[in-house]
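Q: Got a sequence here, can you build the structure:
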Amino acid sequence: MSKKHKIVVGIDFGTTYSGVAWADTSSATEEINPIRQWPGATGRHDVDKVPSEIRYTPIEFKWGFQADEAPAVRPQVSAPKNTKLQYMKLLLDPSQEKKGKGRVQLADPLGLAQMRLALPLGKLPVDVVSDYLKCLKEHALDVLSKSFGTNFWNSIPIEYHLTIPAVWSEAAKALTLQAAERAGIGSKNELVLIAEPEAAALYCLTDMYHDLLKIGETFVVADCGGGTVDLVSYKILARKPNLKVKEVAVGGGLCGSVFLNRRFEAFVRKRIGSDVVDEMIRKDRPYRKMMKDFDERLKRIFRDSDDQELLDCDLGNAVRDDVTKRVEDGFLEITREEMSGVFNPVIQEILQLVREQIDTVALGSQDRVSTVLLVGGFGSSPYLQKQLSDHIAAMYQNRIKVLQPPNAWSAVVRGAVICGLQRVQIQSRKARRKRNT
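A: Numbering: from 1, shown residues only. Sure, this is the predicted structure:
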């Protein structure tokens, strides 16, 4: 029987970055195509994801990379008319804030309370998310139109698969669906919600580790993203005629990479003074340059190795040279130990979550975990991979492998497409997928 022709579109709406990928079921290979060109991505080519940010002005709003094209007002300013909003996804599930309160040793570490105050007049979090998702969808359709022609959706059905955290509450799932429907995702086409680690598992099992994991083995997917860290364990039941796995355990928490950003800002404030950082925020560009250098460079390259005894961060020429503060030529000097100090409290939270997941599997099903698959944006961190590998080796006598697949950052969105292609059958203990028709 021939498969019905459709376009499967996966959307990974993340806390800090979002991604879109697609596949054409009429293609012999059903190749998965991540979108890698984004509006406003000046000087950035072939970028897998776009910032989950939106900036409102009195007459319009800009999204993604465009949100940084003009100065943005920090959410600490009341009733702004030109505000860039971040972490909007987490505003859909306040229950996660309560679970994570105090976990990273900062009061309201993400500034979500202030972010709520910065919402445009008359808009709720679900409205802001809807505006962003609409932009994401319209850009995806524009990209697809180049391959299939203008208004192709009138003749070829589109099936959307939208990812959500495994720890999302039912209320948050309902708001996510509401935002997607308002954005035109699911109003006329099928919409499927899929847990982020489940999507990552689909990618790893079909595209990366098809022959590595054997029947009867249990593995953990640790999806470490911007806001949440989701963990789901699966047991492989069969490989033929189709790959079949069963969900064994679920866990997670609010300890993603954005907490590193907040800890890094706290570190800089202590080093050069809060008044100096506040002035950088007032000027806007120096602050954004500093945080961008940390977020897009330092955070991704740090591995606590001997060749990283000294690091530096670009302060945007906003701070005068000061030997006592270790600022020279506009750069802040950071030792290897200081950078480890920024990372370690958040890393320790993740190590604990993974350890709890492994132990839960052993207690609940008497199965032994053989492999931990580290995916997501934060999951791409070489330092996190090293710390987790060393910790797991010490705790479980080297019997558990920790693997960091290629394309770890885009594993979730690729898996969302695979979900639509129905290459793997997953038995969930709880209904984590929701279809809107």
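Q: what's around residue 262, how many residues?
A: By the criterion of other Cβ atoms under 10 Å, residue 262 has 18 neighbours. Placement of C-beta: from N, CA and C, glycine included.
Q: Check which helices and strands the one helix or strand it maps to sits against.
A: Using DSSP states H and E, residue 262 sits within helix 258-272. For helix 258-272, the elements it packs on are helix 274-283, helix 285-293, strand 331-335, helix 336-365, judged by 3 or more Cβ pairs under 8 Å, 6 or more residues apart in numbering; DSSP states H and E.
Q: Go through the ones you listed and name the closest to residue 418.
A: helix 336-365 (22.8 Å; Cβ to Cβ).
Q: For residue 394, grab the count of nearby residues.
A: 9.
Q: Could you pull out the buried residues of the helix or strand it falls within?
A: Using DSSP H and E, residue 394 falls within helix 382-395. Residues of helix 382-395 classed as buried by neighbour count (16 or more other Cβ atoms under 10 Å): 383-389, 391-392.
Q: how much distance is there from whichever helix or strand comes after it to the middle of the chain?
A: For helix 382-395, the following helix or strand on the C-terminal side (DSSP H and E) is strand 401-403. Between the centre of strand 401-403 and the centre of its chain there are 20 Å (Cα atoms, centre = their mean, to the nearest Å).
Q: Parallel or antiparallel, list what pairs with strand 401-403.
A: strand 369-375 (parallel) (DSSP bridges).
Q: Just the CA trace of the helix holding residue 394, in CSV.
A: This file holds the C-alpha atoms of helix 382-395, laid out as CSV (Å, rounded to 0.1, in the frame of the first residue of the first chain):
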residue,chain,number,x,y,z
PRO,A,382,31.7,19.3,26.2
TYR,A,383,32.0,20.2,30.0
LEU,A,384,28.6,18.7,30.8
GLN,A,385,29.5,15.6,28.8
LYS,A,386,32.8,15.2,30.6
GLN,A,387,31.3,15.8,34.1
LEU,A,388,28.4,13.4,33.4
SER,A,389,30.6,10.7,32.0
ASP,A,390,33.0,10.9,34.9
HIS,A,391,30.2,10.9,37.5
ILE,A,392,28.3,7.9,35.9
ALA,A,393,31.6,5.9,35.6
ALA,A,394,32.4,6.4,39.2
MET,A,395,28.8,5.7,40.5
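Q: shaky segments in the stretch 301-437 of the chain?
A: For the stretch 301-437 of the chain, the stretches with pLDDT under 70 are 423-425, 428-437.
Q: same thing but at 90, please
A: For the stretch 301-437 of the chain, applying pLDDT under 90 flags the ranges 316-318, 362-367, 398, 405-409, 419-437.
Q: Next: the stretch 1-150 of the chain.
A: 1-5, 26-30, 40-48, 55-61, 67-87, 90, 93-123, 147, 149-150.
Q: go again using 80 as the cut-off
A: Along the stretch 1-150 of the chain, segments meeting pLDDT under 80 span 1-4, 28, 42-46, 57-59, 68-83, 94-115, 117.
Q: Alright, I will stop here.
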